[in-house]
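**Q** Let's see this in three dimensions:
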Amino acid sequence: MPEKAQKKLYIKTWGCQMNVYDSRRMADVLAPLGYRPVDTPDDADMIILNTCHIREKATDKVFSELGRLKEHRDQKKARGGKMLMAVAGCVAQAEGKFIMERAPYVDMVFGPQTYHELPQMVMKATGERVVNTDFPAESKFDALPQENDNQGVTAFLSVQEGCDKFCTFCVVPYTRGAEFSRPVSQIADEAKKLVESGAREITLLGQNVNAYHGTGKDGKSCNLGQLIAILAETDGLERIRYTTSHPRDMDQDLIDAHRDIAKLMPFLHLPIQSGSDAILKAMNRKHSADDYREIIAKIKKARPDIAMSSDFIVGFPGETDEDFEATMQIVRDVTYAFAYSFKYSPRPGTPAANMPMQIHEKVKTERIQRLQDLLNEQQLAFNRDMIGKRFDVLFDRKGAKDGQLHGRTPYNQAIHVKANPRLRGHTVPVDVTEANANSLTGNVAIF
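**A** Okay, here's the model as predicted:
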């Protein structure tokens with residue numbers, strides 16, 4: 001397409017890696033219309049905010065950003081140009097009509113299941129405002145174009161979407177819909193194309209990725225462990241990861257995959273949210289703290305060197321001091337290489353938002369500080385334990401300092417190494433020399 005026909009597309013993404021994947025695929029969908037991604041909203045022809053409803057005050061943050069971006073829209077209009085403004089993702093799905101009412105300068109609002117229909121929405125938006133928050137009967141994945149080749153050495157591949165778990169604090173079942181798994185052949189084809197365009201590591205994505213149950217080439221259901229075994233046969237693919245998992249779907253095939261498949265990295269993100277059985281029941285997690293401990297024991301037996309990561313919510317309605325101490329205890333029992341922790345905040349439309357015994361903000365703040373102190377202590381200890389060891393590191397980009405490359409260890413730790421730029425995109429043995437809370441430093445191993 002001639003340069004003069006190209007239009008500038010600015011996408012701002014919040015939230016999970018699924019949103020990152022979705023943003024990249026939106027750009028692919030819009031490419032045939034002449035849109036190319038740019039890094040700033042200045043003079044953009046189209047702006048998309050790909051939103052997340054998980055974080056606190058998510059809707060307020062969207063309106064704040066829209067207000068800031070409206071200035072760019074007004075400036076372009078004053079110069080005689082036009083800028084389409086769109087809100088996508090989970091906030092759009094949940095608050096679509098409200099966004100259109102409160103922000104009359106927004107041209108399009110669409111949910112995460114409809115972005116394959118972007119060309120039609122763009123055409124329609126030239127004459128009227130568009131709200132598309134339906135759950136289409138056909139899968140969006142069936143309508144997406146082939147991925148563009150501007151792909152790095154690490155890539156994300158969506159294999160499962162939606163959630164049937166209905167945790168009482170979570171909006172995902174309402175914004176992403178029911179669990180859906182892509183067919184094995186479609187995933188395998190996309191993985192092959194990603195590798196052909198330069199990917200050496202692929203992270204499989206899903207709201208409950210280990211609930212994957214796609215149709216195999218033989219017409220039978222395939223679980224995540226079996227899918228990983230199939231993808232591990234992809235020539236040129238060196239590493240496989242997956243996120244995010246649910247304890248209820250951690251089956252034996254997947255545990256065995258960690259034992260048997262060398263390309264599956266020894267790092268598992270398995271959220272528990274709380275160590276208290278009473279709170280887990282109130283959250284509708286449908287497993288106990290000891291169920292989780294048993295799963296961890298099985299995983300560590302299958303892969304003794306595996307590193308664990310998790311999510312925690314502090315201050316859920318009704319959480320007592322004893323409940324919180326149970327969370328602290330499970331952290332001590334499991335030990336984590338990394339974890340995310342959040343203060344509970346009500347999400348409109350979720351059962352937990354209307355529960356009695358909401359916890360005072362001061363109590364939440366004190367508890368999360370204690371939890372984060374413990375988690376940070378464990379993370380630093382894990383990183384320091386790497387000093388003096390040698391790991392294969394996949395260099396994915398330039399480092400922060402001149403002459404450095406940035407890479408990831410098998411445990412998904414960031415590591416900075418002084419190395420020849422030609423090693424970018426390659427997996428190289430590295431000796432770890434230093435460690436801090438968030439990253440490692442090392443040297444290319446001398447043979």
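**Q** And the strands in the stretch 1-150 of the chain?
**A** Counting by DSSP state E, counting those that start in this stretch, the stretch 1-150 of the chain has strands at residues 7-13, 35-37, 46-51, 84-88, 108-110, 130-132.
**Q** ok, residues contacting the last one?
**A** It refers to strand 130-132. 96, 97, 100, 107, 108, 109, 110, 111, 114, 117, 121, 124 (Cβ atoms under 8 Å, 6 or more residues apart in numbering). (Each C-beta comes from the backbone N, C-alpha and C, glycine too.)
**Q** And the pLDDT at the spatially closest residue to the second one that is not a sequence neighbour?
**A** Beyond its immediate neighbours in the sequence, the residue positioned closest to residue 97 (Cβ to Cβ, 6 or more residues apart in numbering) is residue 131, lying 6.6 Å away. At residue 131 the predicted local confidence, pLDDT, stands at 90.
**Q** now the strands of the stretch 1-150 of the chain in a markdown table, with mean neighbour count and distance to residue 172?
**A** Shown next, in a markdown table, are the strands of the stretch 1-150 of the chain (neighbours: other Cβ atoms under 10 Å; distance: least, Cβ to Cβ, whole Å):
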| stretch | mean neighbour count | distance to residue 172 |
| --- | --- | --- |
| strand 7-13 | 19 | 17 |
| strand 35-37 | 19 | 27 |
| strand 46-51 | 26 | 13 |
| strand 84-88 | 24 | 16 |
| strand 108-110 | 25 | 17 |
| strand 130-132 | 19 | 19 |
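**Q** Quick one, which of those strands gets closest to residue 357.
**A** Closest to residue 357 of the strands of the stretch 1-150 of the chain, according to Cβ to Cβ: strand 46-51, at 30.0 Å.
**Q** who's in contact with the closest one?
**A** Contacts of strand 46-51 (Cβ under 8 Å, 6+ apart): 7-15, 19, 22-23, 26, 30, 35, 41, 58, 62, 65-66, 69, 72-73, 83-92, 122.
**Q** tell me the mean pLDDT over it?
**A** 94.
**Q** from the middle of its chain, how far away would that strand be?
**A** 17 Å (Cα atoms, centre = their mean, to the nearest Å).
**Q** Taking their axis directions, it and strand 84-88 sit at what angle?
**A** Orientation note: strand 46-51 sits at an angle of 20 degrees relative to strand 84-88 (axes from the mean of the first three to the mean of the last three Cα atoms, to 10 degrees).
**Q** now the angle from strand 46-51 to strand 7-13?
**A** 10 degrees.
**Q** C-alpha coordinates for strand 46-51, CSV please?
**A** The C-alpha trace of strand 46-51 is given here as CSV (Å, rounded to 0.1, in the frame of the first residue of the first chain):
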residue,chain,number,x,y,z
MET,A,46,-7.8,6.3,15.0
ILE,A,47,-7.3,5.8,18.7
ILE,A,48,-8.4,2.6,20.5
LEU,A,49,-8.3,2.2,24.3
ASN,A,50,-8.2,-1.5,25.0
THR,A,51,-9.5,-1.6,28.6
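**Q** hang on, the earlier thing: is it possible to export the strands of the stretch 1-150 of the chain to CSV including distance to residue 332?
**A** Shown next, in CSV, are the strands of the stretch 1-150 of the chain (distance: least, Cβ to Cβ, whole Å):
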stretch, distance to residue 332
strand 7-13, 35
strand 35-37, 45
strand 46-51, 36
strand 84-88, 41
strand 108-110, 45
strand 130-132, 47
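**Q** and of the ones you listed, who's closest to residue 267?
**A** strand 7-13 (23.1 Å).
**Q** Run the chain-centre distance for the closest one.
**A** Remark: strand 7-13 is offset 19 Å from the chain centroid, using Cα atoms, centre = their mean.
**Q** For that strand, which helices and strands make contact with it?
**A** The contact analysis (3 or more Cβ pairs under 8 Å, 6 or more residues apart in numbering; DSSP states H and E) places strand 7-13 against helix 17-30, strand 35-37, strand 46-51.
**Q** Next SSE downstream of the helix ranked longest in the chain?
**A** Under DSSP state H, the helix in the chain containing the largest number of residues is helix 361-384. Once the chain leaves helix 361-384, the next helix or strand it forms, by DSSP states H and E, is strand 390-398.
**Q** I would like the residues contacting that next one, please.
**A** Contacts of strand 390-398 (Cβ under 8 Å, 6+ apart): 152-154, 200-201, 238-239, 404-411, 415, 417, 419, 421, 423-432, 442, 445.
**Q** Which parts of the chain are helices?
**A** 17-30, 58-78, 89-102, 118-125, 172-175, 184-196, 224-231, 252-260, 277-282, 289-302, 321-334, 361-384.
**Q** The longest one to helix 321-334, inter-axis angle?
**A** Yep, that's helix 361-384 we're talking about. 10 degrees.
**Q** Then the first one?
**A** Here helix 17-30 points in a direction 80 degrees away from that of helix 321-334 (the same axes, to 10 degrees).
**Q** Which other helices and strands does helix 17-30 contact?
**A** Using 3+ Cβ pairs under 8 Å, 6+ apart: helix 17-30 touches strand 7-13, strand 46-51, helix 118-125, strand 154-158, strand 201-205.
**Q** Pull the distance from it to the chain's centre.
**A** For helix 17-30 - counting by Cα atoms, centre = their mean - the centre lies 12 Å from the chain centre.
**Q** in it, what counts as buried?
**A** 18, 19, 21, 22, 23, 24, 25, 26, 27, 28, 29, 30 (16 or more other Cβ atoms under 10 Å).
**Q** Can you lay out the residues you listed as TSV showing pLDDT and distance to residue 211?
**A** Formatted as TSV, the buried residues of helix 17-30 follow (pLDDT from 0 to 100; distance: Cβ to Cβ, whole Å):
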residue	pLDDT	distance to residue 211
18	83	14
19	86	19
21	87	17
22	89	19
23	91	23
24	89	23
25	87	21
26	90	25
27	90	28
28	88	26
29	88	26
30	92	30
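**Q** Kindly reformat the residues you listed as TSV containing distance to residue 182.
**A** Formatted as TSV, the buried residues of helix 17-30 follow (distance: Cβ to Cβ, whole Å):
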residue	distance to residue 182
18	13
19	17
21	12
22	14
23	18
24	16
25	13
26	18
27	20
28	16
29	17
30	22
